[in-house]
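Engineer: show me the folded form of this:
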Amino acid sequence: MFKEKIRIQLLGGSLTDHGSYADGNYQGYPVVITTESTVYHVRINAVSTQDPDNAQLAQYLEYQKQNVKHLADYSCTSTSALLTIKMPAVNGNKVPDIINSVVDPLIQYLHGGNYQPCCESCGSTQEYLSNYEVNGSYHYLCTSCAQQIEQNLQQNQQTTRAKKSNLVAGLVGAFVGSLIGCVLWVLIYRLGYIAGIAGAVTAICALRGYELLGGHLDRKGVIISTVMMLVMIFFANRLSWTWDAYDALKDEGYTFSECYQYLDNILDLSELTGSYYSDLFIGYGLTLLCSVRRIIDAFRTSSGSYRMKKAQ
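Structural biologist: Here you go, the predicted model:
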């Protein structure tokens, strides 16, 4: 995540870099930093008896957002503050200075307001805190809260796996949803592009359609929706090429349905079969690139899968 020369300048070198995140204790407060692209998220846990529900802290952060250049956004709960720090297009060596310029004033405010480090879940200031990964996000929690959260996740997993969908209704929903993506694919193709984003829309609409009509998106629903997406992309590509063939042959008396029916022969005679399958495979590749994460997330959600462990 951070090169060593960057890490030792960041928050006084107090954090440990774990690759996908950095955590540690900075001036008495538990801190977790994660990143995505040019944005850094900094979470700090703190409560004060003088500031119920951290209302004053939220007001302070709103003021900072208006006046501190790189503080793009924030969220504040009764137990923590989450800062979103936007990095400009600068050399990576500027990262520590920018993060420090946002975090240090907040730490000073916390000290001045007698805020105490706490468990993010229950707000206890008396328990030993550890950083836990919960479904890809990181939170400093006391042991009892971590155990309770894991029990809740286990119970949710059991409840989710017990739910069954209506297969026939879900199949109709996936078909209707993927049909929307198919139409979008053809329209974008007519503009001269192979639309990976349309493939992603096809996946989203198929999954959502199955869930709406099937009553629940279970594992078989995700599989059916994914297969439906792939089938629809095949037909979307074929319809797109049929439309091109129709444009070229309509003056010779060919109808659209005839162009669709004899498309393989038309492609052979035009020596465009390779280009046709090239477009299809590129389309599949772009679709998977744009939608694979959503499909994987849908599999996890459909089975109630979760990931929770003490961060190392």
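
Engineer: C-alpha only now, for contacts and for neighbours.
Structural biologist: OK.

Engineer: point out where the protein drops to low pLDDT.
Structural biologist: For the chain, the stretches with pLDDT under 70 are 89-92, 194-196, 312.

Engineer: quick one: the helices in it?
Structural biologist: 4-7, 55-67, 95-112, 143-162, 167-190, 196-214, 219-249, 256-261, 263-270, 273-303 (DSSP state H).

Engineer: looking at those, which is buried most?
Structural biologist: Neighbour counts (mean count of other CA atoms under 10 Å) averaged over each of the helices of the chain peak at helix 196-214, with a mean of 25.

Engineer: what's it packed up against?
Structural biologist: Secondary-structure packing of helix 196-214 (3 or more CA pairs under 8 Å, 6 or more residues apart in numbering; DSSP states H and E): helix 167-190, helix 219-249, helix 273-303.

Engineer: list just the one of the helices of the chain that sits closest to Pro30.
Structural biologist: Judged by CA to CA, the one of the helices of the chain that comes nearest to Pro30 is helix 95-112, at 11.0 Å.

Engineer: convert the C-alpha atoms of that closest one to CSV, please.
Structural biologist: Extracted C-alpha coordinates of helix 95-112, given in CSV (Å, rounded to 0.1, in the frame of the first residue of the first chain):
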residue,chain,number,x,y,z
VAL,A,95,0.8,11.5,0.1
PRO,A,96,2.1,11.7,3.7
ASP,A,97,1.9,15.5,3.8
ILE,A,98,-1.6,15.5,2.4
ILE,A,99,-2.9,12.9,4.8
ASN,A,100,-1.1,14.4,7.8
SER,A,101,-2.6,17.8,7.0
VAL,A,102,-6.1,16.4,7.2
VAL,A,103,-5.7,14.0,10.1
ASP,A,104,-3.5,16.0,12.5
PRO,A,105,-6.0,18.8,13.1
LEU,A,106,-8.6,16.2,13.8
ILE,A,107,-6.4,14.5,16.4
GLN,A,108,-5.7,17.8,18.1
TYR,A,109,-9.5,18.5,18.2
LEU,A,110,-10.1,15.0,19.7
HIS,A,111,-7.5,15.6,22.4
GLY,A,112,-8.9,19.0,23.2
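
Engineer: can you give me how far that helix is from the chain middle?
Structural biologist: 28 Å (CA atoms, centre = their mean, to the nearest Å).

Engineer: try stretch 44-63
Structural biologist: Relative to its chain's centre, stretch 44-63 lies at 28 Å (CA atoms, centre = their mean).

Engineer: sorry, back to before: any chance of the helices and strands packed on helix 196-214 in TSV with distance to Val39 as columns?
Structural biologist: Below are the helices and strands packed on helix 196-214 laid out as TSV (distance: least, CA to CA, whole Å):
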stretch	distance to Val39
helix 167-190	31
helix 219-249	32
helix 273-303	20
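
Engineer: which one of the ones you listed lies closest to Glu120?
Structural biologist: Shortest distance between Glu120 and these, using CA to CA, is found for helix 273-303: 24.0 Å.

Engineer: helices or strands next to the closest one in the packing?
Structural biologist: If you count contacts as 3+ CA pairs under 8 Å, 6+ apart, helix 273-303 packs onto helix 143-162, helix 196-214, helix 219-249, helix 263-270.

Engineer: residue contacts, Ala245?
Structural biologist: Cys259, Leu263, Ile266 (CA atoms under 8 Å, 6 or more residues apart in numbering).

Engineer: tell me the one of the residues you listed nearest Thr160?
Structural biologist: Closest to Thr160 out of the contacts of Ala245 is Leu263 (45.4 Å), distances taken as CA to CA.

Engineer: how much space separates the nearest residue to that closest one once chain neighbours are set aside from Gly274?
Structural biologist: In this structure, Leu263 finds its nearest non-sequential neighbour in Thr242, 6.5 Å apart by CA to CA, 6 or more residues apart in numbering. Per CA to CA, to the nearest Å, Thr242 is found 15 Å from Gly274.

Engineer: thinking again about what came up before, surely the residue nearest to Leu263 is in contact with Asp264?
Structural biologist: No - assessed by CA atoms under 8 Å, Thr242 is found out of contact with Asp264, at 9.8 Å.

Engineer: got a list of what Ser48 touches?
Structural biologist: Going by CA under 8 Å, 6+ apart, Ser48 touches Asn54, Gly113, Asn114, Tyr115, Gln116.

Engineer: of those residues, closest to Gly181?
Structural biologist: The closest of the contacts of Ser48 to Gly181 turns out to be Asn54 (CA to CA; 44.8 Å).

Engineer: give me the nearest residue to that closest one, chain neighbours excluded.
Structural biologist: Counting by CA to CA, 6+ apart, the residue nearest Asn54 is Ser78, at 5.1 Å.
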